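could you look at this predicted model? Sequence included:
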Amino acid sequence: MPLTSRRHILKQTGLAGALAAGQGIATASTLRCDVSIHAATPAGIAAAVAAGRLGRSVILSESEDHIGGIVSNGLTNADIGKRQAVGGLFHEFTRRVLKHYQQQDQGNPDQPNVKLCRDGYWYEASVAEKVFHDLIGSAGGRVRLLLRHELRSAKVSRGRLTAITLGDLAGGPPVEIRAKVFLDATYEGDLAALSGAPFRTGREGRDEYGEPHAGRIYMKFRGSELLPGSTGEADEAVQGYCFRFHVTNVAAKRVPIEKPRGFERLDYQAVLDDLRAGRVKRFRDVIQIFPLPNGRFELNSNHPNPDTGVPSESLDLTEDNWDWPTATPARRKALYQRILTHNVGLIWLLQNDPEVPEAIRADARQWGWHRDEWPGNNHLPRQVYVRQGRRILGEAILTEKDGEIDPPMQRTRLRKDSIAIVEWDFDPHGHHKYDPRHPGVREGYFFVAHPPFQVPYGILAPREIDALLVPVACSCSHVAYNALRMEPVFMALGEAAGIAAHLAVSRNTPVRRVPVPLLQKILVERRGVITFFEDVPFDHPAFAALQFLGARGLNLGYTAQPEAACSAATAWDALERILRIEARPWRRPPAEPGAPLLLADLAAQLHRAGYRVHLNRPQDGGVLTVAQFATVVYQALQPAEI
């Protein structure tokens, strides 16, 4: 797969001459801030709030007239299977959502919307957008929001990004932003590419990183067998995009779905073939439906059922979107309309086409757009679901192999520089249109489980360009990205990037050299997750200690057993792993089998390793629990914030 250089990008987008001559910069009004973040996606918002709460001045710019990315445009059932895997600002977001519905259901003993929001993890798009605004407001007025400002150019000096220029889509003069640190929170990696950061699109081949599921592949959904035609070859194919519509079957709120201009019945031949063969029995066989509060339902493209192979195709429009990641804004607008026409057309066809059995048409006709959602856009989402754009080449690269178990640790690879957790399955959607020579599957579509794995800080920092962090179009292989690419993880990475930006500014250091242990300390003390534990709730008193040390080998496996009594032998095993990662010389003392761990003994061993220990309780000879062991060690190891 070819890599793309800065010179090629500038030539491709017509900006080379403008940058060389300084056009568009001389007449621009100039704004200055500590941290400039482009794109008010959930990641961008999390980064802005994190940096703002730490005292940084932030400008958050966005080309659209709204904030929230795809979450405020319909992706409203959070893609997270293990909720303990993402905390921090995302968890705060869910608490605010839950509070919203609790207030709405106040006085109603049935609590219908509280139940439908599933503890704050499912929500209406408009509610998500409101909560995002509330989060920005919680940053003490330090986040300035610029809507309808489109990225036009980037200024790089000696490998350092120093300024960006935005075009005001409302007709005002261009705006130049000069900042100490920049963040690219776009789904496509536009700022990174414009700055000259190397990136990839498409798919790596199977051999490049030794990934079993890389490249061209045919598999059944949730299957384990590679089917014929799975060559593993690299290509430039991009997985299908779709809209995440919100519909209702409540008559008073229902807006009829009209036949879209440009409707092409030929687009749906695979679905019509399924119907003719009697393989489709109801609307939801073709399109997924998720119930939300207040009579709303979210739609999503459906995967081929591993037993029936139905539907052959759904809302995902493949192949037509392959140039989206590197396309111009004008081209993306055209692609938005093409995908919208296709998606609305599929629903209209299922409601109206005479070849669709009447029972299925009647089932489909119960649905219409929700009158109260996106009223300024004909009740349609303002953004399409861009599942994958560019992927930068960073200081680290996450691959499928990060999801493999490390036998000695009984968990995936230990990352001392972990800043987040990936727990969602490897989940790329189809890359090619349905091919009847491969019945029951779509090329590139698979759903493969893996244990939770840690995300290293280096995937945020692009090679060659400094003063820039990229929390969305980050450094991953195609396979790994399709486990990472969930909005809760993007918020976690955005929060980490915002903290890193603060540290880079406060310490006057390049972003790639910020002290990661200090970043981790700030993150975990805000209930961010850098180590996955099945048994450590966010409100546990030793949460920060267990998280910080978990990234340094505290425990084997995925349970910490924080309330269990800690034996001396277990403690010395853990301390040996931790101090080895910290590169501290230490000789393990002998321990009698089953002997308990005493506070005085632990303090003595930490002193031997060169740490100062300030005990918070008398050395009374009491036996320590795992949580208490972690707390004492964390107090000794944690970095100073100044």
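Arrived safely. Residues are numbered from 1 along each chain as shown.

give the contact list for residue 538.
84, 87, 91, 527 (CB atoms under 8 Å, 6 or more residues apart in numbering). C-betas here are computed from N, CA, C, even on glycine.

and what of residue 188?
Taking CB under 8 Å, 6+ apart, one finds 324-326, 386, 389-390, 473 in contact with residue 188.

just the closest of the contacts of residue 538 to residue 408, please.
Nearest to residue 408 out of those is residue 84 (CB to CB; 23.5 Å).

any idea how many residues pack against that closest one?
As a burial measure, residue 84 scores 19 neighbours (other CB atoms under 10 Å).

test my guess that it contacts residue 536.
Yes - assessed by CB atoms under 8 Å, residue 84 is found in contact with residue 536 at 7.0 Å.

contacts only, for the nearest residue to residue 218 once chain neighbours are set aside.
What sits nearest to residue 218 in space, not counting adjacent residues and going by CB to CB, 6 or more residues apart in numbering, is residue 227, at 4.0 Å. By CB under 8 Å, 6+ apart, residue 227 lies in contact with 218-220, 438, 441.

put the alpha carbons of the biggest helix by length in the chain into CSV.
Ordering each helix of the chain by length in residues (DSSP state H) puts helix 329-352 first. Written as CSV, here are the backbone C-alpha positions of helix 329-352 (Å, rounded to 0.1, in the frame of the first residue of the first chain):
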residue,chain,number,x,y,z
PRO,A,329,-15.4,18.8,0.9
ALA,A,330,-17.4,19.2,-2.4
ARG,A,331,-16.9,15.6,-3.3
ARG,A,332,-17.9,14.5,0.2
LYS,A,333,-21.1,16.5,-0.1
ALA,A,334,-21.9,14.6,-3.3
LEU,A,335,-21.1,11.3,-1.7
TYR,A,336,-23.3,12.2,1.3
GLN,A,337,-26.2,12.8,-1.0
ARG,A,338,-25.5,9.5,-2.9
ILE,A,339,-25.4,7.5,0.3
LEU,A,340,-28.5,9.3,1.6
THR,A,341,-30.5,8.6,-1.6
HIS,A,342,-29.5,4.9,-1.4
ASN,A,343,-30.4,4.5,2.3
VAL,A,344,-33.7,6.3,2.1
GLY,A,345,-34.4,4.5,-1.1
LEU,A,346,-34.0,1.1,0.5
ILE,A,347,-36.6,2.0,3.3
TRP,A,348,-39.0,3.4,0.7
LEU,A,349,-38.6,0.3,-1.5
LEU,A,350,-39.5,-1.9,1.5
GLN,A,351,-42.5,0.2,2.2
ASN,A,352,-43.8,0.6,-1.4
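
rewinding a little: ok, the contacts of residue 538 vs residue 270, which is closest?
Nearest to residue 270 among the contacts of residue 538 is residue 84, at 39.6 Å by CB to CB.

the most centrally placed residue in the chain: which element?
For the chain, residue 490 is the residue whose C-alpha lies nearest the centre (CA atoms, centre = their mean; 2.6 Å). Using DSSP states H and E, residue 490 falls within helix 487-507.

now that helix: buried residues?
487-506 (16 or more other CB atoms under 10 Å).

which residues in the stretch 451-600 of the chain form helices?
478-484, 487-507, 516-524, 543-550, 568-581, 599-608 (DSSP state H, counting those that start in this stretch).

between helix 543-550 and the third one, find me the angle.
Angle between the axes of helix 516-524 and helix 543-550 is 150 degrees (criterion: axes from the mean of the first three to the mean of the last three CA atoms, to 10 degrees).

which other helices and strands contact helix 516-524?
strand 418-422, helix 487-507, helix 543-550 (3 or more CB pairs under 8 Å, 6 or more residues apart in numbering; DSSP states H and E).

ok, 10 Å please
Helices and strands touching helix 516-524, by 3 or more CB pairs under 10 Å, 6 or more residues apart in numbering; DSSP states H and E, are strand 418-422, helix 487-507, helix 543-550, helix 626-637.

the last one now?
Using 3+ CB pairs under 10 Å, 6+ apart, the elements in contact with helix 599-608 are helix 568-581, helix 626-637.

dump these to CSV, plus mean neighbour count, mean pLDDT and distance to residue 449.
Listed next are those as CSV, based on neighbours: other CB atoms under 10 Å; pLDDT from 0 to 100; distance: least, CB to CB, whole Å:
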stretch, mean neighbour count, mean pLDDT, distance to residue 449
helix 568-581, 19, 97, 27
helix 626-637, 22, 97, 28
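
turn those into TSV, including distance to residue 65.
Shown next, in TSV, are the helices and strands packed on helix 599-608 (distance: least, CB to CB, whole Å):
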stretch	distance to residue 65
helix 568-581	47
helix 626-637	45
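
what kind of secondary structure is the residue nearest to residue 218 in?
Put simply, residue 227 is coil when judged by DSSP: H, G, I helix; E, B strand; the rest coil.

from residue 221, how far off is it?
12 Å (CB to CB, to the nearest Å).

okay, and the common contacts of these two?
Residues touching both residue 227 and residue 221 by CB atoms under 10 Å, 6 or more residues apart in numbering: 440-441.
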